[in-house]
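*Asks:* Give me a 3D structure for the following:
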Amino acid sequence: MLVTSFPAQAFGTNCYVVAAGPGEQVLIVDPGVGVLRELDEVLAKHRLQPAAVLLTHGHFDHSFSVAPVCGARGITAYVHPADLEMLADPEKGLNMSLRDMFGGALTYTPPEDVAELTDGATLSLAGLEVTVDHAPGHTGGSVMFRLPGAGTSWDADEICLSGDVLFAGSIGRTDLPGGDTAVMMTSLKGKVLPLADDTVVLPGHGPETTIGRERAQNPYLRDL
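*Replies:* I've put the predicted structure just below:
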């Protein structure tokens with residue numbers, strides 16, 4: 001299986017491409033700000049045909065390029081229904097200071113074809129089986145995506161694209177609209193801690209890690 005990523009031009013958001021192998025259909029996860037040229041280069045390099053866009057949540061730094069990516073290829077964007085409002089209007093996910101910074105400056109178009117994600121669902125897309133874990137707290141519709149890791153460069157039992165739920169050494173902020181610290185703690189306890197230690201975590205920002213490493217070193221998980 002092919003899994004590769006590159007950072008967006010704003011906020012260092014990781015955009016991932018996941019495929020059964022080179023020359024196959026591919027899932028694009030979290031196409032953020034200014035990713036189009038590099039994404040096209042990655043797709044051409046590995047001869048990949050986009051099948052769908054998966055969004056870990058609705059914040060614009062993860063979804064900004066979803067409409068051009070989907071529209072140019074006639075593919076569907078998948079998001080949890082609790083974040084549909086932000087997908088329609090990115091400013092709904094900003095606090096006052098961020099609205100002052102970006103308000104009126106976001107030239108954004110929502111995607112036309114949107115499908116809703118549900119907790120525990122298994123998506124059969126691009127020859128892959130993707131499990132959806134609804135893990136609110138950063139936003140009401142935050143999700144994680146889990147896939148079998150066998151055959152990847154890590155050769156782990158499972159990989160988890162954690163979005164802004166879990167980072168190496170930290171977690172996503174909960175002070176933006178839709179965020180809730182208590183709900184985040186519940187998600188960490190119920191959705192993150194039960195994962196196996198060798199699960200490879202591919203977060204929305206920053207470097208990869210493992211559940212075992214975070215269980216031992218991440219202060220938010222240690223407190224639980």
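
*Asks:* how distant is the longest helix along the chain from the center of its chain?
*Replies:* Identified as the longest helix of the chain according to DSSP state H is helix 36-45. From the chain centre to the centre of helix 36-45 is a distance of 18 Å (C-alpha atoms, centre = their mean, to the nearest Å).

*Asks:* Now do the contacts for the residue most central in space within the chain.
*Replies:* Centroid-nearest residue in the chain: Thr56, 3.3 Å away (criterion: C-alpha atoms, centre = their mean). Taking C-beta atoms under 8 Å, 6 or more residues apart in numbering, we find Thr56 in contact with 29-30, 62, 142-145, 161-165, 204. Where you see a C-beta, it was placed from the backbone N, CA and C, and this is true even at glycine.

*Asks:* How about residues contacting the next helix or strand along the chain from the longest helix of the chain?
*Replies:* With elements assigned by DSSP states H and E, the helix or strand that comes after helix 36-45 is strand 49-54. Outside strand 49-54, the residues that touch it by C-beta under 8 Å, 6+ apart are 24-31, 43, 66, 69-70, 73, 75-78, 111, 123, 125-126, 130, 145, 161.

*Asks:* just stretch 212-224 next, same as before
*Replies:* Counting by C-beta under 8 Å, 6+ apart, 166, 168-171, 185, 188-189, 192-193, 197-199, 201 sit against stretch 212-224.

*Asks:* most neighbours, which of those residues?
*Replies:* Each of the contacts of stretch 212-224 was scored for neighbours by other C-beta atoms under 10 Å, and Leu166 scores highest at 29 neighbours.

*Asks:* what's near enough to touch that residue?
*Replies:* If you count contacts by C-beta under 8 Å, 6+ apart, Leu166 has them with Met144, Gly172, Leu188, Val192, Val201, Pro203, Glu214, Asn218.

*Asks:* If it is in a bridge, with which residues?
*Replies:* Beta bridges link Leu166 to Ile171, judged by DSSP bridges.

*Asks:* For Arg47, which non-adjacent residue is closest in space?
*Replies:* Gly23 (4.4 Å; C-beta to C-beta, 6 or more residues apart in numbering).
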